[in-house]
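Trainee: got a sequence here, can you build the structure:
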Amino acid sequence: MSQRPGTETAAAPMLRRFTDLCRYTIQASDGDVGRVEDVYFDDHSWTVRYLIVDTGTWLSGRKVLVSPAAIRGLDAAGARVQTGLTRRQVEESPSIDTAKPVSRQHETALHSYYGYEPYWAGPYRWGSYAYPYPLLQAGVLPPNQRPPSENRVAEELAARERQDQDPHLRSARAVTGYSIRATDGDLGHVEDFLIDERDWAIRHLVVDPRSWWPGPHVLVDPEWTRRVSWEDESVDVDVTREAVRRAPAA
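Mentor: The predicted structure follows:
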């Protein structure tokens, strides 16, 4: 299938909780390689860029990054992430120290090793595509045309800017528990993330508001976010507490 995907389709997103994903096993074409421990997402587009995989005793506890570009499907019943990788590919992939920030240099080396198109080198969520392209090839996604561009020059300038910048990659496990601050005060903390398995966008933060209001967990749109602060362990959103209180229940 050679047709490129464009914007998301009108079909309902297939959402998966981050906390559920963390018990999934990564399956290579010739055996298992480890278990998902965490994910890195970028806090500009709120897209999961890598699964952090603990390889256990197979590679002496080494952790590796697996891009959604390698994923062919998710088996919810079996709690497995199916990839097109081989165990040897994973074993020989560039090493990662999860205690340090991921640099653009390391990302470039990883993409070059696997032959992936850099997601930061194009105008869409995944570079030249709206989805990780192998998912379309595997028939997981319906084909549709790339969207018409109203301002291709602006898109290209934005792509070049992303290429020049170091990534703002965040650990979902680290951000879990961060306080959520509205424009008029604190309103709770991040308890989980809902991830769209089609394009790996984070569609919602699951927020526990009980420190402010004794109601149910609510869904906060990442587009409301102004910034994520490592120093304060907080997420600032550009809406009021009342707007969050009226958000959909998780």
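Trainee: quick check: bridge partners of the residue nearest in space to the middle of the chain?
Mentor: What sits nearest the mean C-alpha location of the chain, by C-alpha atoms, centre = their mean, is residue 48, with 1.0 Å. Beta-bridge pairing for residue 48 (DSSP bridges): residue 41.
Trainee: and it, what does it touch?
Mentor: By C-beta atoms under 8 Å, 6 or more residues apart in numbering, residue 48 lies in contact with 39-41, 68, 172, 195, 200-202. From N, CA and C alone the C-beta is placed, and that goes for glycine too.
Trainee: distance of it relative to residue 200?
Mentor: Residue 48 sits 4 Å away from residue 200, taking C-beta to C-beta, to the nearest Å as the criterion.
Trainee: joint contacts of the two?
Mentor: Residues touching both residue 48 and residue 200 (C-beta under 8 Å, 6+ apart) are residue 68.
Trainee: would you map the strands across the chain?
Mentor: Using DSSP state E, the strands of the chain run over 15-17, 25-28, 31-42, 47-54, 63-66, 71-75, 80-83, 169-171, 179-182, 185-196, 202-208, 218-220, 225-229, 234-237.
Trainee: picking that back up, tell me the pLDDT of the residue nearest to the centre of the chain.
Mentor: In this model, residue 48 is scored at 97, pLDDT.
Trainee: and the one 4 residues further on, by the same measure?
Mentor: With respect to pLDDT, residue 52 has a value of 96.
Trainee: touching, it and residue 35? I think so.
Mentor: No: the criterion here is C-beta atoms under 8 Å, and residue 52 misses it with residue 35 at 10.1 Å.
Trainee: which one's more surrounded, those two?
Mentor: Just comparing residue 52 and residue 35: by other C-beta atoms under 10 Å the higher neighbour count belongs to residue 52, 21 against 18.
Trainee: distance check, the closest residue to the more buried one other than its chain neighbours against residue 221.
Mentor: Excluding its sequence neighbours, the residue lying closest to residue 52 (C-beta to C-beta, 6 or more residues apart in numbering) is residue 38, at 4.1 Å. Going from residue 38 to residue 221 by C-beta to C-beta gives 23 Å.
Trainee: likewise residue 18?
Mentor: Relative to residue 221, residue 18 is positioned 16 Å away (C-beta to C-beta).
Trainee: one more: residue 49?
Mentor: Plainly put, residue 49 is 20 Å away from residue 221 if you go by C-beta to C-beta.
Trainee: more crowded one of those two?
Mentor: Between residue 49 and residue 221, residue 49 has the larger neighbour count (other C-beta under 10 Å), namely 22 against 16.
Trainee: show the contacting residues for the residue nearest to residue 34 when sequence neighbours are not counted.
Mentor: Nearest residue to residue 34, sequence neighbours excluded (C-beta to C-beta, 6+ apart): residue 55, at 3.9 Å. Counting by C-beta under 8 Å, 6+ apart, residue 55 touches 33-34, 61-64, 90.
Trainee: backbone dihedrals for residue 55, both of them.
Mentor: As for residue 55, its main-chain torsions (degrees, to the nearest 10) stand at phi -80, psi 0.
Trainee: residue 91 versus that one, what's the distance?
Mentor: Taking C-beta to C-beta as the measure, residue 55 falls 8 Å from residue 91.
Trainee: go on, residue 20?
Mentor: Distance, residue 20 to residue 91, using C-beta to C-beta: 27 Å.
Trainee: cool, and residue 68?
Mentor: 20 Å.
Trainee: look at these two and report which has more neighbours.
Mentor: Remark: of residue 68 and residue 91, residue 68 carries more neighbours, 25 against 14, as counted by other C-beta under 10 Å.
Trainee: related to what we said a few turns ago, closest to residue 128 out of the contacts of residue 48?
Mentor: residue 68 (15.0 Å; C-beta to C-beta).
Trainee: contacting residues for that closest one?
Mentor: 48-51, 132, 135, 200.
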